[in-house]
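Chemist: The following block contains a protein sequence and its predicted model.
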Amino acid sequence: MSDTAIKVENLGKRYRLHHEKRESYTALRDVIARQAKRLLRPSAGNSQATSSDEDFWALKDVSFEVKQGEVVGIIGRNGAGKSTLLKVLSRITEPTTGRITLEGRVASLLEVGTGFHPELTGRENIYLNGAILGMTKVEISAKFDEIVAFAEVERFLDTPVKRYSSGMYVRLAFAVAAHLEPEILVVDEVLAVGDAAFQRKCLGKMGEVCGSGRTVLFVSHNMQSVQQLCQRAVWLEKGCIKGVGQSDEIVNQYIAAEKRTESLVELNAEIAKIPSDPAFILKEVDVLQDGVSAIELVSGRPVEVRFNYEVLEDVCGLHVFFQLCDMDGSLIFESLHNGDAAEQMPLVTRGTYTSVAVIPADFLAGRSYELHLGASIASVRYVIPKHLNVALHVHSTGLVNRAYSGYSSPGRLAPLIPWHTEKL
């Protein structure tokens, strides 16, 4: 038996879009006059609408492989072709070009209640879905109690599912797909449905499924879930593959492409365009490692954030500062020049300054970040009218704070905390 569970070769899916162009609004008298002319001279009438057709490729030349027991995330913007890919893989729709090879039974959870018959009860739909997957009644019965307990629909098990609330519907649908143990599980955004408690429950179950040796294709806009659950990721953009690789790497590339990605040269070109403040002029910002400007950094050496600026008048409470953020915008920490001053509003006299903050070695985990840069007079105003942003990427180096070679810290920070161990 091949170790490849899914093989996609040059897959394409084309849809025919029909465009109809109608005339703009006309007055009632014009419509009556036009119809009268058509009655008198039918051949002379003009069409009220014109139409045209256009080919739209939802997927084009998509090729990748998934090994047995591998968990692969599918990421991309809305309209990138993710759901179309899963529908083709689930044999819901046929491809226009290319070929798909699947080894094993496939279960799909593409939307709430996929495959459920509204007139059948919850009990009957559990057995129906199992039969569709090719499972025997004995196999389904062995998992039946687990499914019902997870879905929390015991009281309504013999009620037609058309009377279920949307929450009950999705709980049962997910429970069936996750518990009936097909060789290949295809999941599309199921963790985006339901209340917070149910989402946590689903995430925990997905973790169990992913660790059970089953092959899983998982579509989600939650990048944290993709990184947590998936070993590899496929990035789709406009129906084509943009990247395939380790989930952390591909997710970081995807997020960086969605966010601002100025180089330091472009950042300082933007700084030069900022209107000057009566008290402050920012001249330049730099990020350095080993004395060299860089936005691609390594975790094992210190990072300097340097501000060059001019203070035009004596001012109390002036701070230049930076915020280190995750790529989703969540703040990790903020650091201010003069943040450790004894006075609450330290006096900064006029003159030209260079302020340097040093992020210690082995403090940042290997991942992508966004550095927000700013300056303000405390409780008065921002002297830079908006945050300046630059994307940074930190590569893990050495074996510092790691369980084994190749281990990547799951946190945003990876400080080397001093430990003392005594053998008793």
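Modeler: Okay, I see it.
Chemist: which residues of the stretch 151-300 of the chain score low on pLDDT?
Modeler: Where the stretch 151-300 of the chain drops to pLDDT under 70, the residues are 189-199, 224, 255-262.
Chemist: where do the helices sit along it?
Modeler: Here the stretch 151-300 of the chain has its helices, by DSSP state H, counting those that start in this stretch, at 166-179, 196-210, 223-229, 247-258, 264-271.
Chemist: Quick check: which helices or strands does the longest one pack against?
Modeler: Right, helix 196-210. helix 166-179, strand 215-219, helix 223-229 (3 or more C-beta pairs under 8 Å, 6 or more residues apart in numbering; DSSP states H and E). C-betas here are computed from N, CA, C, even on glycine.
Chemist: Distance to residue 330 and mean neighbour count added to the ones you listed, as TSV?
Modeler: Formatted as TSV, these follow (distance: least, C-beta to C-beta, whole Å; neighbours: other C-beta atoms under 10 Å):
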stretch	distance to residue 330	mean neighbour count
helix 166-179	27	22
strand 215-219	22	25
helix 223-229	10	19
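Chemist: With distance to residue 131 as added columns, please give these in a markdown table.
Modeler: Shown next, in a markdown table, are the helices and strands packed on helix 196-210 (distance: least, C-beta to C-beta, whole Å):
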| stretch | distance to residue 131 |
| --- | --- |
| helix 166-179 | 11 |
| strand 215-219 | 21 |
| helix 223-229 | 28 |
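Chemist: and of those, who's closest to residue 15?
Modeler: Closest to residue 15 of the helices and strands packed on helix 196-210 is strand 215-219 (C-beta to C-beta; 19.2 Å).
Chemist: what pairs with the closest one, and is each one parallel or antiparallel?
Modeler: Next to strand 215-219 in the sheet, as set by DSSP bridges, lie strand 71-75 (parallel), strand 184-188 (parallel).
Chemist: mind exporting that strand as PDB, just the C-alpha atoms?
Modeler: Extracted C-alpha coordinates of strand 215-219, given in PDB (Å, rounded to 0.1, in the frame of the first residue of the first chain):
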ATOM      1  CA  THR A 215      -5.000  12.000   7.400                       C
ATOM      2  CA  VAL A 216      -6.600  15.400   7.900                       C
ATOM      3  CA  LEU A 217      -7.100  18.300   5.500                       C
ATOM      4  CA  PHE A 218      -8.100  21.300   7.600                       C
ATOM      5  CA  VAL A 219      -9.200  24.700   6.200                       C
END
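Chemist: now it and helix 196-210, what's the angle there?
Modeler: 150 degrees (axes from the mean of the first three to the mean of the last three C-alpha atoms, to 10 degrees).
Chemist: what's strand 215-219 in contact with?
Modeler: 5-6, 66-75, 82-83, 86, 89, 104, 183-189, 206, 209-210, 225-226, 229-230 (C-beta atoms under 8 Å, 6 or more residues apart in numbering).
Chemist: just to revisit the earlier point, could I get the helices of the stretch 151-300 of the chain as a markdown table with distance to residue 282?
Modeler: Formatted as a markdown table, those follow (distance: least, C-beta to C-beta, whole Å):
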| stretch | distance to residue 282 |
| --- | --- |
| helix 166-179 | 51 |
| helix 196-210 | 42 |
| helix 223-229 | 32 |
| helix 247-258 | 25 |
| helix 264-271 | 6 |
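Chemist: List just the one of those helices that sits closest to residue 412.
Modeler: helix 223-229 (11.0 Å).
Chemist: Tabulate the CA atom coordinates of the closest one in CSV.
Modeler: Output in CSV follows, covering the C-alpha atoms of helix 223-229 (Å, rounded to 0.1, in the frame of the first residue of the first chain):
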residue,chain,number,x,y,z
MET,A,223,-3.8,30.8,11.9
GLN,A,224,-3.1,29.8,15.4
SER,A,225,-5.2,26.6,15.0
VAL,A,226,-3.4,25.8,11.7
GLN,A,227,0.0,26.1,13.4
GLN,A,228,-1.2,24.2,16.4
LEU,A,229,-2.8,21.3,14.6
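Chemist: So which elements touch that helix?
Modeler: strand 71-75, helix 196-210, strand 215-219, helix 247-258.
Chemist: ok, residue 352 touching residue 307?
Modeler: No. With contacts counted by C-beta atoms under 8 Å, residue 352 stays clear of residue 307, the gap being 11.4 Å.
Chemist: which one of those two has more residues nearby?
Modeler: residue 307 (21 against 10; other C-beta atoms under 10 Å).
Chemist: Specify the next element, helix or strand, located C-terminal of the helix or strand that residue 31 is a member of.
Modeler: Following DSSP states H and E, one finds residue 31 within helix 28-40. Elements were assigned by DSSP H and E; along the chain past helix 28-40, the next helix or strand is strand 49-67.
Chemist: if we can go back for a sec, could I get the helices and strands packed on helix 223-229 as JSON lines with distance to residue 292?
Modeler: Shown next, in JSON lines, are the helices and strands packed on helix 223-229 (distance: least, C-beta to C-beta, whole Å):
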{"stretch": "strand 71-75", "distance to residue 292": "32"}
{"stretch": "helix 196-210", "distance to residue 292": "41"}
{"stretch": "strand 215-219", "distance to residue 292": "39"}
{"stretch": "helix 247-258", "distance to residue 292": "21"}
